[in-house]
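# Structural data only, the sequence is not supplied:
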Ligand SMILES: [Zn+2]
C-alpha cells in the first residue's frame, strides 16, 4: 500500500512539473536580446530606420513561429501627433506587430500578451540601445509564443509588439481604440517592460491592487518560479511609484480590461546609453523569462475562473 501511494505521489509530481514548466529556447531568447539592442538598431526610435530594421527582424521571427495574422496582417500602422518641447507638433507613423495563437477550448476569451519594441534612439551621438527597455520584454513575448506553440493555450492569445510606447504609449492606445475590430473577446492584458536587470533576483508584478482576486493566482505562480515575485507598484497612493500608467498596460486599464504588468525595479541603466546587452545579467534574464512564461500559462489555465 505504501509503495503504491509513493508511486502515485511520484506520478503526480511528474505530471505537475510538466504542466508548470513550459519550455522555450533559452539561447534564442538571449540572441533576441542581443540582436534587438545591437548598435545597428540605433535605439529603435519610432519613425527611424533603426526601428524599421528591428521590425523587419521581428517579422522574420514571427514568420518562423508560423502563427496566425490578426485582421489579415502582422503589421498594424497608426498615426499620431508628436510634440517635442516648443516645436510644432509633427505627425508620426508607428507600426504595431500582432499575431495570434487560437485556444483549444471554446472559452470566448482572448488574452493580449504585450511588450513594446521601440526605444528612444540616438541622443548626442550616443546610441540608447534599450536592452532591458524593452528588448527584454520582446524576448519574453516571443518565448511565451514559442511555449504555446508546443503546448496550445485554452484561450485565444493575441501577441502584441507595440511601437511608440516611449512617445506616450501610442501603440497600445491605437490598439485599444480598435479593440472591438481587433477582437471583441479581449478580456485580459499581460504586459512586460524591463525584465532583465535585478541584483536582488526580484521581479515586480503590478495589477493586483485593482483586481484583488488575482492575489492567489500570483501567490501560486510565485511558489514555483525561480525569481522572487513581488506584488506592488499599483496603488494610486504611491504617486509616481504607481506604475499603472507607466507602460502599455495603462490604456487597457483605462478601458476597464484587467492587467498584470511584470517588470524590474528602476535601476541606474534606465534610459541611459549603458542599457546595453553587455551589462545585462543573463542568468537573471533567463530566470525572469521562465517566470513570465510560467505566469502566462497559469493565467491562461485559470482565466475562465476569474471574476472579470
Ligand atoms: Zn519601456
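All right, it came through fine. The shown structure was predicted, so the numbers you read here are calculated from the model rather than taken from an experiment.

# Up against the ion, what does this protein have?
Taking C-beta under 5 Å from the ion, the part of the chain that reaches the ion is made up of 133, 134, 193. Backbone N, C-alpha and C define where each C-beta goes, glycine included.

# which residues touch residue 287?
201, 225, 226, 227 (C-beta atoms under 8 Å, 6 or more residues apart in numbering).

# what's the neighbour count on residue 179?
Residue 179: 16 surrounding residues under other C-beta atoms under 10 Å.

# And it, how close does it get to the ion?
22 Å (C-beta to the ion, to the nearest Å).

# Touching, that residue and residue 255? I think so.
Yes - look at residue 179 against residue 255 with C-beta atoms under 8 Å: they come within range, at 6.6 Å.

# In which helix or strand does the residue in the stretch 201-308 of the chain positioned nearest to the ion reside?
Residue of the stretch 201-308 of the chain nearest the ion, by C-beta to the ion: residue 247 (5.8 Å). Secondary structure assignment for residue 247, by DSSP states H and E: no helix or strand.

# excluding its backbone neighbours, what's nearest it?
residue 193 (4.1 Å; C-beta to C-beta, 6 or more residues apart in numbering).

# May I have the distance across stretch 242-256, first residue to last?
Stretch 242-256 stretches 17 Å from its first residue to its last (C-alpha to C-alpha, to the nearest Å).

# In it, which residues are buried?
Of the residues in stretch 242-256, those with enough neighbours to count as buried (16 or more other C-beta atoms under 10 Å) are 242, 243, 244, 246, 247, 248, 249, 250, 251, 252, 253.

# Could you pull out the strands in the chain for me?
Assigned by DSSP state E, the strands in the chain fall at 75-82, 90-101, 110-116, 122-123, 126-127, 156-162, 186-192, 202-206, 228-231, 259-263.

# Export those as a markdown table, with columns for mean neighbour count, distance to residue 273 and mean pLDDT.
Formatted as a markdown table, the strands of the chain follow (neighbours: other C-beta atoms under 10 Å; distance: least, C-beta to C-beta, whole Å; pLDDT from 0 to 100):
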| stretch | mean neighbour count | distance to residue 273 | mean pLDDT |
| --- | --- | --- | --- |
| strand 75-82 | 15 | 22 | 97 |
| strand 90-101 | 19 | 23 | 97 |
| strand 110-116 | 27 | 19 | 98 |
| strand 122-123 | 14 | 8 | 96 |
| strand 126-127 | 16 | 4 | 97 |
| strand 156-162 | 26 | 23 | 98 |
| strand 186-192 | 25 | 22 | 98 |
| strand 202-206 | 22 | 24 | 98 |
| strand 228-231 | 17 | 28 | 98 |
| strand 259-263 | 26 | 20 | 98 |
